[in-house]
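Engineer: Task: produce atomic coordinates for the following.
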Amino acid sequence: MGSDKGGIPHTPVTGATPDGVPLALNRAPAADLEPWIARVMVAIAHAPADTVSTGFLCNDASYVRTAMGGHWTVETADGTREFLNESLVCGQHSRGWKLVYRGPVIVAGFALKPGAYRAIWGVDDGALVDRIAPTTHLGFEDSELTGLYERGMDAQVWLLRIEEWLRDTIARRRAPYPQPLAQRLDEAAFADPNQSPADIAERHGATLRTLQRTARRAFGLSPKQVLRRARVLDLAARMCGVADKREEEDFLLRYFDQSHLIRDFSAFFGRSPQQFMDNRQRLLTLSLEIRQARRLELLNRIAPDAVRPWMMQTSLPPADLPAQR
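Structural biologist: Here you go, the predicted model:
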């Protein structure tokens, strides 16, 4: 049986890092969808049906995904779940969850801004943390989204169909904009995850208690957890080679010392930084690249159509990251 350990079994279609790790075609949504949608993506990488890829599923945004052709086995807060040829409602993650993926990667979907589940479908993001649910959880049938896919279709066409479905859904449901304070916390986590929740609340004219309630509803986490997760995911992105190398020192300086870094990282992924790097996380790399692209665009550090920094540098992890096991 094929495996991604020690080799790269997939043949990328929608993009790859300089050393061949498959990436997604991902971008900001159409302008009229931006109040609710954070990112749209399609990832296609060919592989034999018996190819097995292992890694982590970890997102700091809620997703709706359509997965075709491959077989997913994912650990969740509700136990191990298996999926094949269907659309899924995926909550945000409080930590990395183990994933086994068999066959080709044919996945499309969209990341929602915090609170958008509630704004569009009346479901709090917090209720879905570390969980995966069928689309009926949001009140629509799987076929509405899964049926948008046609075998061999162009990735851009698939994205446009998904955006049109979203446009129709949002208009039909007369969805209000998500809670603004939740968006400010999301942006703060991208900009500087070491700032205090109290400072974020004060800067936006809210009490800390209001920010905490908003975070629980729109993220399913406390503001401190949102910031800590951002800090770990930025570091993981650098270790996977999909971050701007110029930020590496800043990422490391967010931790008091090496033991603090190792403790936080190990608590989140269940393994030390060295163990993480010993088994390159190709599936997680794909997700982290989407996150980092959105982050740099949101912070106005790159233009939406710019070549991303990691495509101009080696994607191998730097040698001076902490190596303790």
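Engineer: Could you list the paired strands of the longest strand along the chain along with their orientation?
Structural biologist: When the chain is scanned for its longest strand (criterion: DSSP state E), the result is strand 62-76. Note on strand 62-76: by DSSP bridges, its sheet partners are strand 79-90 (antiparallel), strand 97-102 (antiparallel), strand 105-112 (antiparallel).
Engineer: List the buried residues in it.
Structural biologist: 62-70, 72-76 (16 or more other CB atoms under 10 Å). Bear in mind the C-beta positions are built from the backbone N, C-alpha and C, glycine included.
Engineer: Closest one to residue 271 out of the residues you listed, please.
Structural biologist: Residue 271 has its nearest neighbour among these in residue 75, at 14.3 Å by CB to CB.
Engineer: Quickly list what the closest one is bridged to.
Structural biologist: With DSSP bridges as the rule, residue 75 is bridged to residue 80.
Engineer: could you check the distance from it over to residue 58?
Structural biologist: 11 Å (CB to CB, to the nearest Å).
Engineer: intersection of neighbour lists for the two?
Structural biologist: residue 97 (CB atoms under 8 Å, 6 or more residues apart in numbering).
Engineer: I'd like to know how far the residue nearest to residue 127 when sequence neighbours are not counted sits from residue 310.
Structural biologist: Of all residues not flanking residue 127 in the chain, residue 220 sits nearest, at 7.2 Å (CB to CB, 6 or more residues apart in numbering). Noted for residue 220: a distance of 29 Å to residue 310, by CB to CB.
Engineer: what does residue 96 give?
Structural biologist: Distance from residue 96 to residue 310, by CB to CB: 20 Å.
Engineer: do the same with residue 281
Structural biologist: As judged by CB to CB, residue 281 and residue 310 stand 15 Å apart.
Engineer: go on, residue 156?
Structural biologist: From residue 156 to residue 310 the distance is 22 Å (CB to CB).
Engineer: Equivalent analysis for residue 37, please.
Structural biologist: For residue 37 relative to residue 310 (CB to CB), the value is 24 Å.
Engineer: Over to residue 106?
Structural biologist: Taking CB to CB, one finds residue 106 at 24 Å from residue 310.
Engineer: The buried residues of strand 62-76: which two are farthest apart?
Structural biologist: 62 and 69 (23.5 Å).
Engineer: All the helices of the chain, residue numbers only.
Structural biologist: Assignment of helices within the chain using DSSP state H yields the ranges 116-121, 142-146, 155-172, 180-191, 197-203, 208-218, 223-239, 248-253, 258-269, 273-278, 282-298.
Engineer: between these, which gets nearest to residue 51?
Structural biologist: Closest of those to residue 51 is helix 282-298, at 11.5 Å (criterion: CB to CB).
Engineer: Counting by contacts, list what that closest one packs against.
Structural biologist: strand 25-27, strand 37-46, strand 52-57, strand 105-112, helix 180-191, helix 223-239 (3 or more CB pairs under 8 Å, 6 or more residues apart in numbering; DSSP states H and E).
Engineer: Recalculate using a threshold of 10 Å.
Structural biologist: With contacts defined as 3 or more CB pairs under 10 Å, 6 or more residues apart in numbering; DSSP states H and E, the packing partners of helix 282-298 are strand 25-27, strand 37-46, strand 52-57, strand 97-102, strand 105-112, helix 180-191, helix 223-239.
Engineer: Export the ones you listed as TSV, with columns for distance to residue 151.
Structural biologist: TSV is the format used below for those (distance: least, CB to CB, whole Å):
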stretch	distance to residue 151
strand 25-27	17
strand 37-46	11
strand 52-57	21
strand 97-102	18
strand 105-112	9
helix 180-191	36
helix 223-239	32
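Engineer: in stretch 158-165, what's buried?
Structural biologist: 158-159, 161-163, 165.
Engineer: Now for residue 290: which residues touch it?
Structural biologist: Counting by CB atoms under 10 Å, 6 or more residues apart in numbering, residue 290 makes contact with 23-27, 38-41, 43, 59, 61, 63, 111, 242.
Engineer: can you pull up the bridge partners for the closest residue to residue 71 other than its chain neighbours?
Structural biologist: Computed as CB to CB, 6+ apart, the closest residue to residue 71 that is not its neighbour in sequence is residue 102, at 4.3 Å. Beta-bridge pairing for residue 102 (DSSP bridges): residue 52, residue 71.
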